[in-house]
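Chemist: Have a look; sequence and predicted model below, questions after that.
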Amino acid sequence: MLVLLTFCALVSQVSPATTPAPQQVMRNWDQHACSLVVCGPAEKGLPGRDGRDGIQGPKGETGEQGLQGPRGIVGVPGKMGPIGPVGEKGSQGEKGPKGDAGEMGPRGIRGLQGPPGSSGPSGPQGQSGPQGQQGVKGETGPKGATGMQGPQGNTGAPGPKGDKGSVGERGEKGDVGARGLQGAAGAQGPEGRTGSPGSKGDKGSMGERGTKGDSGLSEVNLMKDKVSTLEGQLKALQASFSKYQKVAVFPSGQIVGNKVFVTSGYEGTFDDLKQKCLQAGGQLAAPRNAAENAAIQQIVVRHNKSVFLGITDIQTEGKFKYLNGDALVYSNWLPGEPNNDKGNENCVEVYVNGKWNDKSCGEKRLLLCEF
């Protein structure tokens, strides 16, 4: 028995200290002998005999500390122990970083309205708001004083015919205008009545005897020379007159045949325009064919203003005539014209399309004379 114990002690000392192993029970050498126990690295040397079979042997020397074994499996958590006493309050830690904003919670129930607060100080004046809608038109106020005459505007589209106005007072006679170009010679008037014979004059004194004249044949030749000279002068005058015509109408007039249509841009009533043309040695334009009417239309289009023609029915309502009393030989009325709307349309105007319309003579239109 003693020999076996000694053997067991030797075996445990010989076991490599570098090979950790869990506790294992070896086979029994004998039912009444000790069991060989191979232990893992002991913390305080080999354990001694349990002392059940024999006398406890001497305590062995402390062995060297073995290597740490692998970590064991976590065991089942034990029962919660009793709550320990409350520890002392620790010092306040540093402020942590701001956390992310949480989701908005459900809206709470609206609280009761509180009492009105005291009036605060007046705030700064706000910016002007947008312009409001136009209000209802107010009543017509009292007529103001007459303002200064504004600049002449462009002639607008013909408006509806107005009511016939009352005849105004006759205006003062205007200043005599500058003398115009020499007009074409008019037709010879009727022969005047023979005047009464004057009283016989006193007999004059005898004059000195003249020189002997040339024969009649020489006088005929001289007359022919004078006629030839006059014809040359007439051709030169005609050429000069043609040049003057072109200068006079550039760029405000038109030449058609022997007629020249000229405007100065002035505007006035029918009587005013008629007087201006007479003072210049001409008369209001009065077309007698389509070519002359087309020339007038070009001037109307260029100035974008209607003109009055030298045609009226003032003497006999509905019978339009030229200013010298002759009946019309050409017309270019708009459809439905003349209609003498409201009984006050005795003059004739020309639109930009060349069509005619009867109009009140008191309206103002563009001056257009013919020479």
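Modeler: Ah, there it is. Numbers count the residues shown, from 1 in each chain.

Chemist: low-confidence ranges in this protein?
Modeler: 1-56, 132, 134-202, 204-205, 210-218, 239-251 (pLDDT under 70).

Chemist: which residues in it form helices?
Modeler: All helices of the chain, identified by DSSP state H, fall at 2-14, 216-249, 270-279, 290-303.

Chemist: Show me what the shortest one is in contact with.
Modeler: Contacts of helix 270-279 from elsewhere in the structure, counted by Cβ atoms under 8 Å, 6 or more residues apart in numbering, are 174, 176-177, 180, 266, 268, 283-284, 308, 310, 312, 323, 347, 361-362, 365, 367-370. (Each C-beta comes from the backbone N, C-alpha and C, glycine too.)

Chemist: By residue count, tell me the biggest strand in the chain.
Modeler: As assigned by DSSP state E, the longest strand anywhere in the chain is strand 307-312.

Chemist: and that strand, what does it pack onto?
Modeler: If you count contacts as 3 or more Cβ pairs under 8 Å, 6 or more residues apart in numbering; DSSP states H and E, strand 307-312 packs onto helix 270-279, strand 283-284, helix 290-303, strand 321-322, strand 347-350, strand 365-366.

Chemist: how about 6 Å then?
Modeler: Counting contacts by 3 or more Cβ pairs under 6 Å, 6 or more residues apart in numbering; DSSP states H and E, strand 307-312 packs against strand 347-350, strand 365-366.

Chemist: of all the ones you listed, which lies closest to residue 237?
Modeler: Of all the helices and strands packed on strand 307-312, strand 365-366 sits nearest to residue 237, with 31.8 Å by Cβ to Cβ.

Chemist: of the helices and strands packed on strand 307-312, which approaches residue 118 most closely?
Modeler: The nearest among these, by Cβ to Cβ, is strand 365-366 at 75.3 Å.

Chemist: now for the closest one, which elements pack on it?
Modeler: strand 307-312.

Chemist: can you give me the end-to-end distance of stretch 113-121?
Modeler: With Cα to Cα, to the nearest Å as the measure, stretch 113-121 spans 22 Å from end to end.

Chemist: tell me which residues in that stretch are buried?
Modeler: For stretch 113-121, the neighbour count (16 or more other Cβ atoms under 10 Å) marks no residue as buried.

Chemist: among the contacts of helix 270-279, which ones are buried?
Modeler: 180, 268, 283-284, 308, 310, 312, 323, 347, 361-362, 365, 367-370.

Chemist: Between these, which sits nearest residue 85?
Modeler: Nearest to residue 85 among the buried ones among the contacts of helix 270-279, with distances taken as Cβ to Cβ, is residue 365, at 120.6 Å.

Chemist: ok, and the closest non-adjacent residue to that closest one?
Modeler: Distances taken as Cβ to Cβ, 6 or more residues apart in numbering put residue 308 closest to residue 365, at 4.5 Å, once the chain neighbours are dropped.

Chemist: so how far is residue 346 from the one you found?
Modeler: 11 Å (Cβ to Cβ, to the nearest Å).

Chemist: do residue 123 as well
Modeler: 71 Å.

Chemist: Residue 67 too?
Modeler: From residue 67 to residue 346 the distance is 141 Å (Cβ to Cβ).

Chemist: neighbour-wise, which of these two wins?
Modeler: residue 346 (22 against 9; other Cβ atoms under 10 Å).

Chemist: Quick check: the gap between that one and residue 310.
Modeler: If you measure residue 346 against residue 310 using Cβ to Cβ, the figure is 13 Å.

Chemist: still on that earlier bit, is the residue nearest to residue 365 in contact with residue 364, as I believe?
Modeler: No: the criterion here is Cβ atoms under 6 Å, and residue 308 misses it with residue 364 at 9.2 Å.

Chemist: what domains does the record give for this protein?
Modeler: As given by automatic domain parsing, the domain ranges for the chain are 2-38, 253-370.

Chemist: Go through those and pick out the most buried.
Modeler: Neighbour counts (mean count of other Cβ atoms under 10 Å) averaged over each of these peak at domain 253-370, with a mean of 17.
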